[in-house]
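Trainee: Provided below are the primary sequence and the corresponding predicted coordinates.
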Amino acid sequence: GFPGSGRRVGWQGIQTGNLYRQLGSFEKLNLDCVIRCMANDGVVYDQPVQRSTEEIMNLYYMADFEQENLPFGMTFNGNVGIRGVWTKVHGEGNMTLNITRILTPESPDGTVAATVDTTTFRQNVSRTETRTDWLPSYNLNLWIIPDQLVARYYTAKTVARPQLSRMLPAGTCTIDERIQTNTDDDDSNSCSGTIGNPGLLPNTARNRSLGLEWYPNRDTTFGLTWQKQHVLIGSPQNIQGRGRLFSGTGQIDPVTGDSIDNLLFDYPSYSDGPGFERTGWEFSAKTAFTFLPGLLRYTGADYNTSTLSSSAQERPTLDPITGDIMRPQNESAYYDNISLWDDDGRTNARVSYPSRGEVFTFITNAGENRNPREYNSSIAGNAP
């Protein structure tokens with residue numbers, strides 16, 4: 001949302017069911033075998049579906065304070081607040097099981113290959129996740145020179161929830177009768193696509209900033225701010241998992257009726273990203289050219305420059321040639337922006353020139369897997 005708006009602003013998506021009902025077209029649609037359909041075995045099944053809903057309730061309390069007449073004429077003010085966020089997310093997706101059975105075994109001398117038959121089963125899966133977060137925030141201002149020089153301190157906890165598509169346990173897995181998976185040393189069945197991880201935690205961070213602002217006159221301001229972001233839980237990252245994917249689910253093999261809880265699977269999935277710290281400095285200057293004649297007195301200029309650096313992550317990406325630790329993906333060492341603007345109350349125009357330092361995206365891997373973490377793992381010998 002926009003600063004100070006007090007509400008979430010942005011595109012929230014279309015609730016198609018409600019849209020059709022409001023348009024009066026829902027009752028005219030032929031939904032035969034769209035939502036539910038009778039299969040060849042005479043049983044009515046839900047059709048494959050993918051949908052999600054998200055409910056968020058916020059409770060926010062903030063208290064302002066101000067203390068004047070401090071030594072040297074200083075003033076101390078600010079606010080403290082806390083936000084409670086209750087979230088309920090429900091998602092539905094589709095899971096596919098391919099069952100490969102041996103019809104005739106391979107001949108003892110290996111000259112005749114085994115013949116197999118694969119049967120495909122699909123079923124919808126759903127996931128409901130509820131969570132409560134308490135997010136405190138503090139804004140403190142010490143006016144060293146009233147209305148001219150102020151020191152500001154800010155700290156707050158923030159969360160950003162992972163996409164539901166990364167949490168929904170949906171995908172395609174194959175159970176192959178030719179593979180015996182009773183121990184961790186055996187071969188594993190496999191899953192294609194990326195199987196969501198219902199246990200993903202939200203991206204969580206604690207932000208702090210300490211700044212000094214100077215207002216030499218009513219038209220001009222200068223500011224210098226130090227910022228620090230301590231990421232406790234990073235964004236979800238791709239992993240290659242191996243384990244008993246269906247353990248505890250009660251899922252059975254639709255062909256044999258046996259439980260598949262103990263079967264091993266190799267499957268791509270997601271895990272919580274590692275935490276790290278990011279620090280930076282920002283200098284900003286703004287002025288209005290009110291001293292200029294004519295229409296030029298309605299113009300002005302803004303400028304800001306900032307630096308950014310991050311601590312080494314749990315598995316940093318290394319340059320395979322020099323061994324240097326690469327910067328985090330898509331992060332520049334500096335950012336600059338300069339703007340000229342005009343605002344006379346009737347016309348509002350702005351011309352801006354932004355620039356940033358070079359960024360690291362990935363290390364090419366001969367057209368294969370371009371995930372820099374996985375590429376580095378193969379170079380450094382670390383487990384992905």
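Mentor: In hand now; what should we look at?

Trainee: can you show me the strands along the stretch 151-300 of the chain?
Mentor: If DSSP state E, counting those that start in this stretch is used as the criterion, the strands of the stretch 151-300 of the chain fall at 171-176, 189-192, 203-217, 220-243, 265-273, 276-288, 299-310.

Trainee: so which of these gets nearest residue 342?
Mentor: Closest of those to residue 342 is strand 299-310, at 4.9 Å (criterion: CB to CB). All C-beta spots, glycine's among them, are computed from the backbone N, C-alpha and C.

Trainee: quick check: what element follows that closest one along the chain?
Mentor: strand 334-343 (DSSP states H and E).

Trainee: in that following strand, what counts as buried?
Mentor: 335, 341 (16 or more other CB atoms under 10 Å).

Trainee: what's the following helix or strand after it?
Mentor: strand 348-356.

Trainee: how far does that following strand sit from its chain's centre?
Mentor: 28 Å (CA atoms, centre = their mean, to the nearest Å).

Trainee: quick one: that strand to strand 334-343, angle?
Mentor: Here the directions of strand 348-356 and strand 334-343 differ by 170 degrees (axes from the mean of the first three to the mean of the last three CA atoms, to 10 degrees).

Trainee: mind putting the strands of the stretch 151-300 of the chain into JSON lines with mean pLDDT and mean neighbour count?
Mentor: Shown next, in JSON lines, are the strands of the stretch 151-300 of the chain (pLDDT from 0 to 100; neighbours: other CB atoms under 10 Å):
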{"stretch": "strand 171-176", "mean pLDDT": "88", "mean neighbour count": "20"}
{"stretch": "strand 189-192", "mean pLDDT": "87", "mean neighbour count": "18"}
{"stretch": "strand 203-217", "mean pLDDT": "95", "mean neighbour count": "16"}
{"stretch": "strand 220-243", "mean pLDDT": "91", "mean neighbour count": "16"}
{"stretch": "strand 265-273", "mean pLDDT": "89", "mean neighbour count": "19"}
{"stretch": "strand 276-288", "mean pLDDT": "94", "mean neighbour count": "16"}
{"stretch": "strand 299-310", "mean pLDDT": "94", "mean neighbour count": "16"}
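
Trainee: now render the ones you listed as a markdown table, adding distance to residue 101.
Mentor: Converted to a markdown table, these look like this (distance: least, CB to CB, whole Å):
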| stretch | distance to residue 101 |
| --- | --- |
| strand 171-176 | 9 |
| strand 189-192 | 13 |
| strand 203-217 | 43 |
| strand 220-243 | 23 |
| strand 265-273 | 18 |
| strand 276-288 | 48 |
| strand 299-310 | 51 |
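
Trainee: how much space between residue 271 and residue 238?
Mentor: 8 Å (CB to CB, to the nearest Å).

Trainee: what about the spatially closest residue to residue 104 that is not a sequence neighbour, distance to residue 258?
Mentor: Distances taken as CB to CB, 6 or more residues apart in numbering place residue 115 nearest to residue 104, at 4.7 Å, with adjacent residues excluded. For residue 115, the distance to residue 258 equals 22 Å [CB to CB].

Trainee: and if you look at residue 36?
Mentor: For residue 36 relative to residue 258 (CB to CB), the value is 28 Å.

Trainee: now residue 211
Mentor: In terms of CB to CB, residue 211 sits 64 Å off from residue 258.

Trainee: likewise residue 266?
Mentor: Residue 266 is 20 Å from residue 258, by CB to CB.

Trainee: residues in contact with residue 127?
Mentor: By CB atoms under 8 Å, 6 or more residues apart in numbering, the contact set of residue 127 is 89, 90, 91, 92, 167, 168, 169, 196, 198.

Trainee: point out where the protein drops to low pLDDT.
Mentor: Across the chain, the ranges flagged by pLDDT under 70 are 1-17, 20-21, 23-29, 31, 180-186, 312-317, 363-384.

Trainee: which positions in stretch 119-131 come out as buried?
Mentor: Quick answer for stretch 119-131 (16+ other CB under 10 Å): 125, 127, 129.

Trainee: dump those to a markdown table, plus distance to residue 361 and secondary structure.
Mentor: Below are those laid out as a markdown table (distance: CB to CB, whole Å; DSSP: H, G, I helix; E, B strand; the rest coil):
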| residue | distance to residue 361 | secondary structure |
| --- | --- | --- |
| 125 | 34 | strand |
| 127 | 32 | strand |
| 129 | 32 | strand |
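
Trainee: cool, thanks, talk later.
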